[in-house]
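1. after the sequence you'll find the predicted model.
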Amino acid sequence: MEKEREVVIVSTVRTPFGRYGGSLRDIDYYDLGAIPMKEVLKRVNLEPEVVDEVFWGVGDTSPCKDPYTPVAARQSLIKAGLLPTTPSISFDMACVSAMHAVKLAAMSIKLGEIDAAIAGGATSFSREPLILRGVRFTGFRIGNINLEDPLFELGYDDFNPVSVDTDNVAFEHGIDRLEQDEWALRSHVNYGNAWNAGKFKDEIMPLPIPQPKAEPKILDIDEQYRADSSLERLSKLQTVYGTRAITAGNAPGLNDGATAILVMSREKAQELGLEILATVVAQVSIAIDASRMPEGPAIAWQKVLKKADLTIDDMAVMEINEAFAAVPLVSIKLFAGDDKKKLKEIRDRTNINGSAIAIGHPNTASGARIVMNLMYELRRRGGGYALGGICGGLAQADATIIKVE
């Protein structure tokens, strides 16, 4: 039987993540995606023809100038200077999208369909329009109109807001407001320490932001980070949507940003003389009851570890995306079971550089950010295994294990 092709990472990059209404708000959606697509090739001095396909997370097409079937990945790749003959897929798995993009690319490489691909995604919450529904065929002539804000009670109209479901699941697991606020503060502290140590310089590309009547400002830090965060400040925030514990402080922001990872077969990377940054060891996707999103990463972790024939003790570092502080808290507790020692050990190795609460969460870009941050952390440590997990999309989740030699 022919040996399965190994999939490796040879280049990664992301934009800084902008706050809602922040520095990235005026960047066209297609241009936003094109920025890391172009840079991920530039970093390894490769020509566009190397890329066989693009896999791109696009959770919301309404910020696009062509909201109806915009083929956003295709428009971005053309703007990035990739060949117009490059196929692409723009798809929606909400927050899972960019990690799943890496998985789709890896699957195609393993099957021998392609040799190299760009995987990632882009989100622009700041460019989200208001929506007017139900007037096209009603003969409306006079009177008031009601505009709909898709970002209000963010979630799905036929289901609870995701914050409500998260709050209910956290309550079931005995995770209270204080514990969630403490984890949120930890995210900011860990991010600040990592930033001051220069850990994000490998993954973030400094971005010039045009200024009126002034030279461009260089953005090289994630705008969501709050150096002055404290438990006292977090405790004063009101809960949202009638929840017991969910606040704007222990949840991520509505952020803008884009990520890209260049993956190849090992043979292709060696043929091109490229440094192999990491190997993609195993990836899985799961889905559970739509109301139980915070438990998804734990179940995905269990499945991917079994697939790779590894244990949590083999993992040097881990990350579970902070869709809310409750998500890593619930998933780690579920994974560890009644073993309090194991619970502490896993927590200590998880989200060590912060996560979405401090970094920001442009949702269809975040999954690739997790992969690249874990990869660079392993490289700083001299190698090993890392495990990432992310939930989203009515309780779907992906998990990825990577290895650095």
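-> Now that the structure is in, tell me what you want to look at. Residues are numbered from 1 along each chain as shown.
2. got any ranges where this protein has weak pLDDT?
-> For the chain, applying pLDDT under 70 flags the ranges 1-2.
3. mind listing the helices for it?
-> In the chain, the segments counted as helices under DSSP state H are 29-42, 72-79, 97-110, 162-172, 177-196, 231-235, 266-271, 296-308, 326-336, 340-348, 356-359, 366-381.
4. Arg141 is nearest to which of those helices?
-> Among those, the nearest to Arg141 by CB to CB is helix 29-42 (33.8 Å). C-beta: built from backbone N, CA, C; applies to glycine.
5. that closest one vs helix 366-381, what angle?
-> Put simply, helix 29-42 runs at 30 degrees to helix 366-381, going by axes from the mean of the first three to the mean of the last three CA atoms, to 10 degrees.
6. which other helices and strands does helix 29-42 contact?
-> Here helix 29-42 touches strand 7-14, helix 72-79, strand 116-124, strand 256-265, going by 3 or more CB pairs under 8 Å, 6 or more residues apart in numbering; DSSP states H and E.
7. quick check, Asp167 in contact with Arg244.
-> Yes - with contact defined as CB atoms under 8 Å, Asp167 and Arg244 form a contacting pair (5.6 Å).
8. still on that earlier bit, turn the helices of the chain into a markdown table, columns for distance to Lys403.
-> Output for the helices of the chain, formatted as a markdown table (distance: least, CB to CB, whole Å):
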| stretch | distance to Lys403 |
| --- | --- |
| helix 29-42 | 21 |
| helix 72-79 | 28 |
| helix 97-110 | 13 |
| helix 162-172 | 32 |
| helix 177-196 | 21 |
| helix 231-235 | 36 |
| helix 266-271 | 12 |
| helix 296-308 | 9 |
| helix 326-336 | 20 |
| helix 340-348 | 19 |
| helix 356-359 | 23 |
| helix 366-381 | 8 |
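9. between those, which one is closest to Ile209.
-> helix 29-42 (11.8 Å).
10. show me which residues of the closest one are buried.
-> For helix 29-42, the buried set under the neighbour-count rule, 16 or more other CB atoms under 10 Å, comprises 29-41.
11. closest to His100 out of those?
-> For those, the closest approach to His100 (CB to CB) belongs to Gly33, at 16.2 Å.
12. contacts only, for the closest one.
-> Applying CB atoms under 8 Å, 6 or more residues apart in numbering, we find Gly33 in contact with Trp56, Ala72, Ala73, Gln75, Ser76, Lys79, Ala80, Gly120, Gly121, Ala122, Ala258.
13. make JSON lines from the helices and strands packed on helix 29-42 and add distance to Val281 and mean neighbour count to it.
-> Shown next, in JSON lines, are the helices and strands packed on helix 29-42 (distance: least, CB to CB, whole Å; neighbours: other CB atoms under 10 Å):
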{"stretch": "strand 7-14", "distance to Val281": "9", "mean neighbour count": "25"}
{"stretch": "helix 72-79", "distance to Val281": "26", "mean neighbour count": "23"}
{"stretch": "strand 116-124", "distance to Val281": "16", "mean neighbour count": "31"}
{"stretch": "strand 256-265", "distance to Val281": "13", "mean neighbour count": "30"}
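14. tabulate these (CSV), appending distance to Gly392.
-> Formatted as CSV, these follow (distance: least, CB to CB, whole Å):
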stretch, distance to Gly392
strand 7-14, 18
helix 72-79, 18
strand 116-124, 12
strand 256-265, 15
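15. can you check which of these gets nearest to Leu274?
-> strand 7-14 (4.6 Å).
16. which other helices and strands contact the closest one?
-> Using 3+ CB pairs under 8 Å, 6+ apart, strand 7-14 is in contact with helix 29-42, helix 97-110, strand 256-265, helix 266-271, strand 278-287, helix 366-381.
17. distance of Ile357 from Glu4?
-> Remark: distance between Ile357 and Glu4 (CB to CB, to the nearest Å) = 37 Å.
18. for Ala368, same thing?
-> 23 Å.
19. more neighbours: those two, which one.
-> Shown here are Ala368 and Glu4; by other CB atoms under 10 Å, Ala368 has more neighbours (32 against 9).
20. what's the spacing between that one and Arg233?
-> Separation of Ala368 from Arg233 (CB to CB) stands at 31 Å.
21. out of the helices and strands packed on strand 7-14, nearest to Arg349?
-> In terms of CB to CB, the element of the helices and strands packed on strand 7-14 nearest to Arg349 is helix 366-381, at 10.4 Å.
22. report the angle between the axes of that closest one and helix 177-196?
-> When the same axes, to 10 degrees is applied, the directions of helix 366-381 and helix 177-196 differ by 60 degrees.
23. what helices or strands is helix 366-381 leaning on?
-> Counting by 3+ CB pairs under 8 Å, 6+ apart, helix 366-381 packs on strand 7-14, helix 97-110, strand 116-124, strand 256-265, strand 278-287, strand 315-320, strand 384-392, strand 396-404.
24. repeat that for 6 Å
-> Of the remaining helices and strands, those touching helix 366-381 by 3 or more CB pairs under 6 Å, 6 or more residues apart in numbering; DSSP states H and E are helix 97-110, strand 256-265, strand 315-320, strand 384-392, strand 396-404.
25. possible to save these as a markdown table with distance to Phe159?
-> Shown next, in a markdown table, are those (distance: least, CB to CB, whole Å):
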| stretch | distance to Phe159 |
| --- | --- |
| helix 97-110 | 19 |
| strand 256-265 | 25 |
| strand 315-320 | 22 |
| strand 384-392 | 13 |
| strand 396-404 | 13 |
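26. how about CSV for the helices and strands packed on strand 7-14, with distance to Lys303 added?
-> Compiled in CSV, those are given as follows (distance: least, CB to CB, whole Å):
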stretch, distance to Lys303
helix 29-42, 29
helix 97-110, 13
strand 256-265, 21
helix 266-271, 24
strand 278-287, 5
helix 366-381, 16
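27. so which of those is nearest Pro210?
-> Comparing those by CB to CB, helix 29-42 comes nearest, at 12.2 Å.
28. what distance separates that closest one from the centre of its chain?
-> 16 Å (CA atoms, centre = their mean, to the nearest Å).
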